[in-house]
Each structure stands twice: as C-alpha cells, then as structure tokens.
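S.K.: from the sequence below, what's the structure:
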Amino acid sequence: MMDLKKLSVLAITALLLTGIAGITTAAAAKPAPTTTSLPNTSLTVLITSLINSVGDDTFSTIDLTTLFATYTSLTPTPLHTSTSAASTPADSSSSGTSTQHYGPYASGSPDSGTCGNNWADDTYNRHFTVFQKNDGSLAVVEQFKDGSFVTTAGSSPGACNNPPTNDGGTVAAGIQGSFHGYFVIPLPGETQTSFSPYCDATLSTNSGCTTTTFINTHFTPACYPSTCTVTTFFFHYSAGDQQLIAHEWQNASPDRGGNTGDIRSA
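M.R.: Predicted coordinates:
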C-alpha cells in the first residue's frame, strides 16, 4: 500500500486532478453540507470538499496545510493560505482563509465500543489544524495519526452497532492493530487567543494532551465539548489476521458512512 504520509506535492496534485484516488464509496456518495445556521458554514463546506477530494483514509494522515494549499490553487478563486502559527489572514477578500498546524502531541486513551465497554487501549499522535476565514470564523480539524491499539477481552467494537453489524461479537485480549482518524469541530463564536505551540497553552505543556485541553486553552470562550462539538468524524481500525472473524472496523459519523465491520474473535 502507498505510504500516504510520504506523498509529494506533485502526487497530491495528481490525486486532486484525477478526483478518484483514495475516495471511499461512502465519501463519494455524501454531498457537502448545505446548512447556513453557523457563521463558519463555508469552512465546513471547504473541509468537506477537502475530505472528498482525497478520501477519508488519506485525509486522516495527510499534511492538511499542504493539501489545502494544493486544493485551493486548483480552484478558480484561490484562497489565501498561511502555515505559520503566529500569523493571521492577510487576504481582504471574503474568501480569504488561513491554516495553522499544531502538533504532533503523543497521546493515549481507552477506546469504547458500541456496547459501551472499553474494547482496546490506544496510543497515537494528535495533530490540530485551525482553519480561519478573514471574518474571524473558525473550525478545527484534529487528526489521529500513527495510531496503534491492543484489545481488552470483551464485546467487540461493533457488537452492539445497528444493522448490518450488530453481531453480539467478542474480541480476545491482546489483539494488536493500527488505526487513524479525524474530528471536524466548528467553532461558532470563539476567538483564537493563544498561538502557543503547546497543547496546553495555559500551562505550556504537552503532557496529558486532549481535545478539550487544546481547544479550551487556545480559544475563548472555552467551548468544548459544550457549545462546540465534533460534527463529523472518521476512524479506521485494522488488525490483520490474528485468527479473527472480522479484522476491519470503521467508526464514523453518518455523513462519512457510519459504522461498518468489526474487530471480532468470536
């Protein structure tokens, strides 16, 4: 399989021009959001377009500042881009948009399945990309890269999912695998008040990095997970063979295809 993390700018351009490589069936079938209730709707439409241009798996692991710059350079009206965490949009047009990247931040957490139990322990690197329009509207994409998991004995992640999974399956302890994914988090009324490179901008540390810590210490007022929440998400888990009945699990929001598959021993 192609190493997605090593795609060159030329390769990314080729993917975008063809419009077919890496696009999953679910991604290709879902239209961009059309709601206009939030001030940053145009940002969510832009992010959805970026996801659809390369597919969910690639979007989970690619350098989003490079993808954004390449994508907008191919549009009729290019958008202003910036990859400096200390810079602000300079484009005075209504379409001016900038990106700021933060991370990686080494992290780990238990992983809950559809039955509510923790079916695995995860380790991964968090990456945050802030999208900002020159009118001040904001959205954050959090990527989970270089992910690995080790299972805990009990119900499999898809055991209590709605059909077609809903298999009542179980998973044995010690199954190892890899995963990647992303969150899309619109910020409807926040202002970025810190450009600190640390995950915790208040304590200037990367220790114990979480989504809540990053957003609530970089933006004001603190909003996650109360008034700003994850609106779109996608995670893809793979465990190879290891005597499994099912070894591919997709945990995703309905607009990205929903939950499919399982990591199941019995």
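S.K.: and the closest residue to E142 other than its chain neighbours, bridged to which residues?
M.R.: In this structure, E142 finds its nearest non-sequential neighbour in F183, 4.3 Å apart by Cβ to Cβ, 6 or more residues apart in numbering. C-beta here means a position set from N, CA and C on the backbone, and glycine is covered the same way. Per DSSP bridges, the residues bridged to F183 are E142, F233.
S.K.: now the strands for the stretch 51-200 of the chain?
M.R.: Under the criterion DSSP state E, counting those that start in this stretch, the stretch 51-200 of the chain contains strands at 97-112, 118-133, 138-151, 154-155, 170-171, 176-187, 191-192.
S.K.: these into a markdown table, with extra columns for mean neighbour count?
M.R.: Formatted as a markdown table, the strands of the stretch 51-200 of the chain follow (neighbours: other Cβ atoms under 10 Å):
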| stretch | mean neighbour count |
| --- | --- |
| strand 97-112 | 18 |
| strand 118-133 | 21 |
| strand 138-151 | 21 |
| strand 154-155 | 18 |
| strand 170-171 | 22 |
| strand 176-187 | 21 |
| strand 191-192 | 14 |
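S.K.: tabulate those (CSV), appending mean pLDDT and distance to G208.
M.R.: Shown next, in CSV, are those (pLDDT from 0 to 100; distance: least, Cβ to Cβ, whole Å):
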stretch, mean pLDDT, distance to G208
strand 97-112, 97, 8
strand 118-133, 97, 11
strand 138-151, 98, 16
strand 154-155, 96, 26
strand 170-171, 96, 28
strand 176-187, 98, 18
strand 191-192, 96, 22
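S.K.: closest to D56 out of those strands?
M.R.: Of all those, strand 176-187 sits nearest to D56, with 7.8 Å by Cβ to Cβ.
S.K.: summarise which helices and strands the closest one is packed against.
M.R.: helix 41-54, helix 56-61, strand 118-133, strand 138-151, helix 211-218, strand 232-238 (3 or more Cβ pairs under 8 Å, 6 or more residues apart in numbering; DSSP states H and E).
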